[in-house]
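Trainee: Build me a model:
(one chain, ligands or ions: 1)
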Amino acid sequence: MKTITFAETQKQEPMKKLFLIVIAVIMLLPGCKQAVVEDNPFFTEWDTPFGAPPFDKIDDEHFLPAYVEAIRQQKEEIDLIINNPDAPGFENTIVAFDNSGALMRKVSPVFGGLRGAETNPRLQEIARETTPMLTAHSNEIRMNQDLFQRIQTVYENRESFDLDPEQMRLVERIYRDFERGGAALPEEKREELKRLNERMSMVSLQLSENLLAENNGFKLILEDEADLVGLPPDVISAAAEEAKKAGMEGKWVFTLAKPSWTPFLQFSERRDLREKIYRAYFMRGDNDNEHDNKALFAELMQLRQQASQLRGYDNYADFFLEEQMAERSENVYNFLYQVWEPALARAKGERDDMQAIIDGEGGDFELESWDWWYYAEKIRGERYDLDEDEVKPYFTLDNVRRGNFLLANKLFGLTFTARPDVPVYHPEVEAFEVTDRDGSSLGVLYIDPHPRPGKRSGAWCGTYRSGSYEDGVKITPIVTIVMNFTRPAGDRPAMLSWDETTTYFHEFGHALHNFFADGRYRRTSRSVPRDFVELPSQILENWAGEPALLKEYALHYETGEPIPAELIEKLSKSEHFNQGFINTEYLAAAIMDMDWHTAVHGDEIDVNAFEEATLKRIGLIDEIIPRYRTANFGHIFGTGYAAGYYVYRWAGVLDADAFYAFKESGDLFNQELAEKFRYYILANNARYEGMDAYVRFRGKEPSIEPFLRQSGLL
Ligand SMILES: [Zn+2]
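Mentor: Residues are numbered from 1 along each chain as shown. As a prediction, this is how the structure comes out:
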């Protein structure tokens, strides 16, 4: 998904209680400061390998005082910039600002990382306290008029400073950040924007917390073995283990974690139970209970609209998209509709095929959304002669990891070494050192594969430390990939579905981007448009299914035999399988996201009615539910993917075309292309961005054909 950075954490986080909390914190400090400072790891140098966070020494109670101190220090640093008696220049203003917040950069990624991957009620409580503090802090910086004036002076005189292209971009980037953040607005509007930012960050936080509670709030508990009819043995034993963990030994528990509900829908012959679990899944956030997200989401839409209009934009999409490759909502809609038409037509065909099976079996019912996975599985078996159970033994968690490492080695010459001496935050997390072709260290990669109640759903890549330069010396990044993959069950190792396998390559691609990014300045080092950032991740998914790589990493977990050519053939033939559904459920969510962020919202928003109107307009069929419904659309609760859920398919055009370059060359591991890809797409974002970077790599703009062909839509 995305990288957690200081800037994003600030943006995410938002009030009336603000003053009370700040005062409370200040009052608390004098009494406890000494004790807390002494053993608080955030106030010491980290003498761990690679200077990785000492998770074993970090306690929940360290975060609040660390944040308070980080805010204080950054304020002091900003004051130094403002009060510098010298005229505003590149170093004393722009670079000094880019470097400010060292302690914040230490605290925020650890707090944000743990809140995503290993949270607990205390961390959630601390987030509710720190969120308004951090938003106020960020507001104060972003709208600081003295600071803005210095930045503006440098910006206006930038031609006179003899800056190289990377420095020039840094000046322009930072100036734009302030402008977009509202610094140039008159005071009254700035105050209003601050208020909106504070409220938005609290609403976002609450939406995500509700979603986590809803994810954990449902369990399908089965007591009768007959209820398991149709389920494969590994799915059954995983459910038995889930029950054991929940203190219900002898029963079977299915949850709303993907590795649990997906196989249930694929294989359970119990239509009533399929309905029960799928309904629980798509109704998350829409249950009219204490975790209902509808009213909060409606408020968020109003707040985003107000904040955008205050800044002179018609709507939030306009505000967001001007920084993206797509530039305008019209371009996004045109692109989405271009794919929507063939995808929907295909989905209708798939539906008819399934209905024919139902009718053929004498089932006297209409296909419903909770039947889709089940009949899709039947079609996969019949038409493609492909049984997931036949494939899975080749895709153990270890094998897939090795496949990723191998690919990085073949393309870029990287090697990976397990480093059990690097502290981790949970025993399931493993740390690896990443070494470049020339033997130099590129940093540390954490891998956290399985679901836990404290982990949010989905898969993502984040950093505990971004790569940067300090006094010309490279500080290597500490990167993490976090997934929710199938656990080992019984005495069998964890075996991944094909979807999980490609997700692994996807997140690993984001990680490589972090390891290679090599800009001299923090703000621009890995700065790419959101609709570009999925190119480095999605392109790797293409290699996952190539025979040349498969025969090296997909080895049977018992026999060690590589996956047979005949099975690879089946896998590749089934690539177009179910693509109508996959594209349709995704595009429906992407269009809904665009509708939410381009509509003119009044005082009253009926969230479900709005959603229904969108789905009706685009003609979504009843048998498909959007990949996310509004009340559980976690991607758009924060600012990262709001008006930006389209980016996956947009970048899909880029990655299919980029991969096609390798195919075309006749060498999937073409070194010249790999080197260019690394240089223009991954390493030098500070100098080349978006289409410019792409054209430099590819020699031309991307064509949509490889993408449509790959999705089976051409
Ligand atoms: Zn991604």
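Trainee: Isn't Thr396 up against Pro493?
Mentor: Yes - in this structure, Thr396 sits in contact with Pro493. The criterion is CB atoms under 8 Å, and the distance is 4.5 Å. No exception for glycine: its C-beta is placed from N, CA and C like everyone else's.
Trainee: The two: who's more crowded?
Mentor: The residue with the greater number of neighbours, taking Thr396 and Pro493 and applying other CB atoms under 10 Å, is Thr396; the counts read 21 against 14.
Trainee: for the more buried one, what are its contacts?
Mentor: Under the criterion of CB atoms under 8 Å, 6 or more residues apart in numbering, the neighbours of Thr396 are Pro493, Ala494, Met495, Leu496, Tyr557.
Trainee: Now list whatever residues contact both of Thr396 and Pro493.
Mentor: Shared contacts of Thr396 and Pro493, defined by CB under 8 Å, 6+ apart, are found at Tyr557.
Trainee: can you give me how far stretch 203-211 is from the chain middle?
Mentor: Taking CA atoms, centre = their mean, to the nearest Å, one finds the center of stretch 203-211 at 16 Å from the center of the full chain.
Trainee: biggest helix in the protein, by residue count?
Mentor: Among all segments of the chain classified by DSSP state H, the helix with the greatest residue count is helix 329-360.
Trainee: name the helices or strands packed onto that helix?
Mentor: Using 3 or more CB pairs under 8 Å, 6 or more residues apart in numbering; DSSP states H and E as the contact definition, the elements that helix 329-360 packs against are helix 316-321, helix 372-384, helix 579-598, helix 647-665.
Trainee: picking up where we left off before, in ChimeraX, how would I select the buried members of the contacts of Thr396?
Mentor: Selection command for ChimeraX covering only the buried members of the contacts of Thr396, criterion 16 or more other CB atoms under 10 Å:
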select :494,495,496,557
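Trainee: for the contacts of Thr396, which one is nearest Ala376?
Mentor: Lowest distance from Ala376 to those (CB to CB) belongs to Leu496, with 18.6 Å.
Trainee: since we're on Arg687, how many residues are nearby?
Mentor: Arg687 sits with 18 neighbouring residues when counted by other CB under 10 Å.
Trainee: quick one on the thing from earlier: and the contacts of Thr396, which two are the farthest apart?
Mentor: It's Leu496 and Tyr557 that sit farthest apart of the contacts of Thr396, by CB to CB, at 11.2 Å.
Trainee: Give me the neighbour count for the closest residue to Gly467 other than its chain neighbours.
Mentor: Leaving aside its chain neighbours, Gly467 sits nearest to Pro477 (3.9 Å; criterion: CB to CB, 6 or more residues apart in numbering). By the measure other CB under 10 Å, the count of residues near Pro477 is 25.
Trainee: is it true that Pro477 touches Ser466?
Mentor: Yes - the pair formed by Pro477 and Ser466 meets the contact definition of CB under 8 Å, at 5.5 Å.
Trainee: between these two, what contacts are shared?
Mentor: In terms of CB under 8 Å, 6+ apart, Pro477 and Ser466 are both contacted by the residues Asn514, Ala517.
Trainee: Closest residue of this structure to the ion?
Mentor: For the chain, the nearest residue to the ion under the criterion CB to the ion is Ser537, separated by 4.2 Å.
Trainee: What residues does this protein have near the ion?
Mentor: Taking CB under 5 Å from the ion as the criterion, the neighbours of the ion within the chain are Glu534, Ser537.
Trainee: which intervals of the chain have sub-threshold pLDDT?
Mentor: Scanning the chain for pLDDT under 70 picks out 1-38.
Trainee: So which residues of it form strands?
Mentor: With strands called from DSSP state E, the chain shows them at 220-222, 252-254, 415-418, 430-435, 441-448, 460-465, 468-470, 473-475, 478-482.
Trainee: Which one, of the helices and strands packed on helix 329-360, ends up nearest to Gln145?
Mentor: Each of the helices and strands packed on helix 329-360 has some distance to Gln145 by CB to CB; the shortest is helix 316-321, at 21.8 Å.
Trainee: Can I get the closest one as PDB, trimmed to CA atoms?
Mentor: Only the C-alpha atoms of helix 316-321 are listed here, as PDB (Å, rounded to 0.1, in the frame of the first residue of the first chain):
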ATOM      1  CA  TYR A 316     -11.100  17.500  -3.000                       C
ATOM      2  CA  ALA A 317     -10.400  15.600  -6.200                       C
ATOM      3  CA  ASP A 318      -9.200  18.800  -7.900                       C
ATOM      4  CA  PHE A 319      -6.900  19.600  -5.000                       C
ATOM      5  CA  PHE A 320      -5.400  16.100  -4.900                       C
ATOM      6  CA  LEU A 321      -5.200  15.400  -8.600                       C
END
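Trainee: Now do that helix: which elements does it pack against?
Mentor: helix 294-310, helix 329-360, helix 579-598.
Trainee: for Glu428, what are its contacts?
Mentor: Shown in contact with Glu428 (CB under 8 Å, 6+ apart): Asp448, Pro449, His450, Arg452.
Trainee: thinking again about what came up before, redo the helices and strands packed on helix 316-321 as TSV? Include mean neighbour count.
Mentor: Shown next, in TSV, are the helices and strands packed on helix 316-321 (neighbours: other CB atoms under 10 Å):
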stretch	mean neighbour count
helix 294-310	20
helix 329-360	17
helix 579-598	23
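Trainee: possible to save these as a markdown table with distance to Ile236?
Mentor: A markdown table is the format used below for the helices and strands packed on helix 316-321 (distance: least, CB to CB, whole Å):
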| stretch | distance to Ile236 |
| --- | --- |
| helix 294-310 | 36 |
| helix 329-360 | 24 |
| helix 579-598 | 26 |
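Trainee: Wait, Leu228 touches Ile236, no?
Mentor: Yes - taking CB under 8 Å as the definition, Leu228 is a contact partner of Ile236 at 5.5 Å.
Trainee: Have a look at the two and say which one is more surrounded.
Mentor: The neighbour comparison of Leu228 against Ile236 (other CB under 10 Å) goes to Leu228, with 22 against 18.
Trainee: How about the contacts made by the nearest residue to Trp373 once chain neighbours are set aside?
Mentor: When the adjacent residues along the chain are set aside, Trp373 lies closest to Leu265, with 3.7 Å between them (CB to CB, 6+ apart). Neighbour list for Leu265: Arg274, Ile277, Tyr278, Trp370, Trp372, Trp373, Tyr374 [criterion: CB under 8 Å, 6+ apart].
Trainee: Please repeat the previous calculation with a cut-off of 10 Å.
Mentor: 254, 273-275, 277-278, 281, 369-374, 376-377 (CB atoms under 10 Å, 6 or more residues apart in numbering).
Trainee: repeat for Gln338
Mentor: Under the criterion of CB under 10 Å, 6+ apart, the neighbours of Gln338 are Arg649, Ile704, Leu708, Leu713.
Trainee: Make JSON lines from these and add neighbour count to it.
Mentor: Below are those laid out as JSON lines (neighbours: other CB under 10 Å):
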{"residue": "Arg649", "neighbour count": "22"}
{"residue": "Ile704", "neighbour count": "16"}
{"residue": "Leu708", "neighbour count": "18"}
{"residue": "Leu713", "neighbour count": "20"}
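Trainee: Please flag which of these sit within helices.
Mentor: With DSSP H as the criterion, helices contain Arg649, Leu708 from among these.
Trainee: Just send the contacts of Gln338 back as CSV, with distance to Ala243 too.
Mentor: As requested, the contacts of Gln338 are arranged in CSV below (distance: CB to CB, whole Å):
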residue, distance to Ala243
Arg649, 38
Ile704, 48
Leu708, 45
Leu713, 42
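Trainee: need the contact list for the nearest residue to Arg169 once chain neighbours are set aside.
Mentor: The spatially closest residue to Arg169, leaving aside those adjacent along the chain, is Thr524, at 5.6 Å (CB to CB, 6+ apart). Thr524 makes contact with 98, 166-167, 169-174, 517, 685-687, 689 under the criterion CB under 10 Å, 6+ apart.
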